[in-house]
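Asks: Following is a predicted model, sequence given first.
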Amino acid sequence: MLGLLALGLTVVMIYTLVKNALVGTQLSADDRYAGSMELIIPITSRSEFYLEPWLKNLTDFHSLNGQLKIHILIDGHHPAVNAWQELHQKLPYVELHSFLMRPIGRESVPWMIEQIAPKIRGQVVIIGDAELVPTEHAFISLSRLVSEKQKAYFALPQTAKLSVLGEAVASVSPTLALASIFGFRKIRRNISHPLISLSQGWMGMPLSFFQEMDFSKINLPSWKEALAKKWDLENRTYILAFAERHLLRYYPEDIQVQTAQIRIYWEELWLKGDRTGLWLYLVSLFIWSFPIFCIFTHPFWSMASIVLLVLFRFFTKIVFQERWGAAMLHPVACIVWIGTFLWWGITGLKTKYGSKRPAV
């Protein structure tokens, strides 16, 4: 029964991934956009910022002068402040907003966005994660789509090709689970949307959508979860987009540092993440690693599952342009994620168990 369930869910994931890739939108280097756009990047104590990739793209960004503003919202004394100050000297349209103090009981991200919301005037507003590094085409293509359709788009990044093992581990993330489950029918929406808060990406929207958000009444740690819940209540749809090489998700090149970060990430998810999304991602990890742990107890189902997972990773390699080596290291990546979860559970869950998320 367990093996049949794993196979059935794997088939559903393959179907959904292929469907989303066909129905979804790909960002293109051929797009043109002449309007204004503003990017908001909230940075908290757990955010990572990769300066060198940003610096490599500086020459491309100069073509966006007059169109683009980037707002960096820094919570407290973050080590990334110095990196952003260096970037600000080369990019005059980067504005640093450092918030050393905030009201007691308020989550940092919605409160910081609330403070700068009156300054946002771009025709297209993008909110994105600090770990993502764009090219100019990411801004132009996403803004064109938002402007023409007057709808919101959630752009999923491609994993940067640094080390093969690091890429494999970074690929088996909640973002992959979201792309494999995402849908808008009522049942699928209720299941998949909690993964939004766990995933990484850019949410692009018309200015009117942004202005309708009352961030003073939002007290959720994740801006993605806040947007998804509000738009679900309004039955407002947003479209999945695949940014490909135009928006890259970076990670530490040292696998030990990367593993330590994932362990911390589990703790962050338990304390402040959407619990439904967390359990959904754990189910996805179980499906992806079923043959690894059940090969001796369910040999037939495990072999059948391996065939389906090879097909699944074949499609993820096409959709997210992964390297074959990274796709082949799928079992190792699953072991790293599950191992860090157990590591965190053994060492930290006893003291953290029962911590409540703040009320909306």
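Replies: That came through fine. Fair warning: this is a prediction, and the values are worked out from it, not measured in the lab.

Asks: From now on I want contacts and neighbour counts done on CA atoms only, so please keep to that.
Replies: Fine.

Asks: low-scoring stretches of the chain, by residue?
Replies: 59, 77-81, 83, 87-88, 90, 184-191, 272-273, 348-360 (pLDDT under 70).

Asks: which residues of it fall in strands?
Replies: Listed in chain order, the strands of the chain (DSSP state E) span 25-26, 37-43, 68-75, 94-99, 124-128, 132-134, 152-156, 158-159, 202-206, 238-242, 247-249.

Asks: As a markdown table, those strands with mean neighbour count and distance to residue 105 would be great.
Replies: Listed next are the strands of the chain as a markdown table, based on neighbours: other CA atoms under 10 Å; distance: least, CA to CA, whole Å:
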| stretch | mean neighbour count | distance to residue 105 |
| --- | --- | --- |
| strand 25-26 | 18 | 39 |
| strand 37-43 | 23 | 18 |
| strand 68-75 | 22 | 14 |
| strand 94-99 | 16 | 15 |
| strand 124-128 | 25 | 23 |
| strand 132-134 | 23 | 28 |
| strand 152-156 | 26 | 29 |
| strand 158-159 | 24 | 35 |
| strand 202-206 | 26 | 26 |
| strand 238-242 | 22 | 30 |
| strand 247-249 | 23 | 31 |
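
Asks: Arrange these in TSV, one row each, with distance to residue 172 as further columns.
Replies: TSV is the format used below for the strands of the chain (distance: least, CA to CA, whole Å):
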stretch	distance to residue 172
strand 25-26	21
strand 37-43	23
strand 68-75	28
strand 94-99	32
strand 124-128	20
strand 132-134	16
strand 152-156	14
strand 158-159	10
strand 202-206	19
strand 238-242	16
strand 247-249	12
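
Asks: Of these, which is nearest residue 305?
Replies: Evaluated with CA to CA, these place strand 158-159 nearest to residue 305, the distance being 25.0 Å.

Asks: same for the closest one, what does it pack against?
Replies: helix 164-171, strand 247-249 (3 or more CA pairs under 8 Å, 6 or more residues apart in numbering; DSSP states H and E).

Asks: same thing but 6 Å
Replies: strand 247-249 (3 or more CA pairs under 6 Å, 6 or more residues apart in numbering; DSSP states H and E).

Asks: The strand it packs on pairs with which strands, and in what direction?
Replies: Applying DSSP bridges, strand 247-249 is found paired with strand 132-134 (antiparallel), strand 158-159 (parallel).

Asks: So which of those strands is nearest residue 18?
Replies: strand 158-159 (16.2 Å).

Asks: related to what we said a few turns ago, compare the strands paired with strand 247-249 and report which one is nearest to residue 65.
Replies: strand 132-134 (15.5 Å).

Asks: hmm, who's touching the closest one?
Replies: 246, 247, 248, 249 (CA atoms under 6 Å, 6 or more residues apart in numbering).

Asks: The first one reaches residue 140, doesn't it?
Replies: No - under the contact definition of CA atoms under 6 Å, residue 246 does not touch residue 140, with a separation of 10.3 Å.

Asks: Compare these two and say which is more crowded by neighbours.
Replies: Between residue 246 and residue 140, residue 140 has the larger neighbour count (other CA atoms under 10 Å), namely 24 against 20.

Asks: in the stretch 101-250 of the chain, which spans are helices?
Replies: 108-116, 136-149, 164-171, 174-181, 186-192, 207-212, 223-233 (DSSP state H, counting those that start in this stretch).

Asks: Can you add distance to residue 99 and give the ones you listed back as CSV?
Replies: Formatted as CSV, the helices of the stretch 101-250 of the chain follow (distance: least, CA to CA, whole Å):
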stretch, distance to residue 99
helix 108-116, 7
helix 136-149, 26
helix 164-171, 30
helix 174-181, 29
helix 186-192, 33
helix 207-212, 21
helix 223-233, 17
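
Asks: which one of those helices lies closest to residue 12?
Replies: Nearest of these (CA to CA): helix 174-181, 8.0 Å.

Asks: Helix 164-171 and that closest one, what's the angle between them?
Replies: 60 degrees (axes from the mean of the first three to the mean of the last three CA atoms, to 10 degrees).

Asks: Residues contacting stretch 58-68, please?
Replies: The contact list for stretch 58-68, computed with CA under 6 Å, 6+ apart, reads 36, 37, 38, 136.

Asks: gap between the two ends of that stretch?
Replies: 13 Å (CA to CA, to the nearest Å).

Asks: re earlier: out of the contacts of strand 132-134, which comes closest to residue 119?
Replies: When those are compared against residue 119 (criterion: CA to CA), the nearest one is residue 247, at 25.4 Å.

Asks: Would you confirm that the closest one contacts residue 155?
Replies: No - the pair residue 247 and residue 155 does not pass the contact test of CA under 6 Å, sitting 8.4 Å apart.
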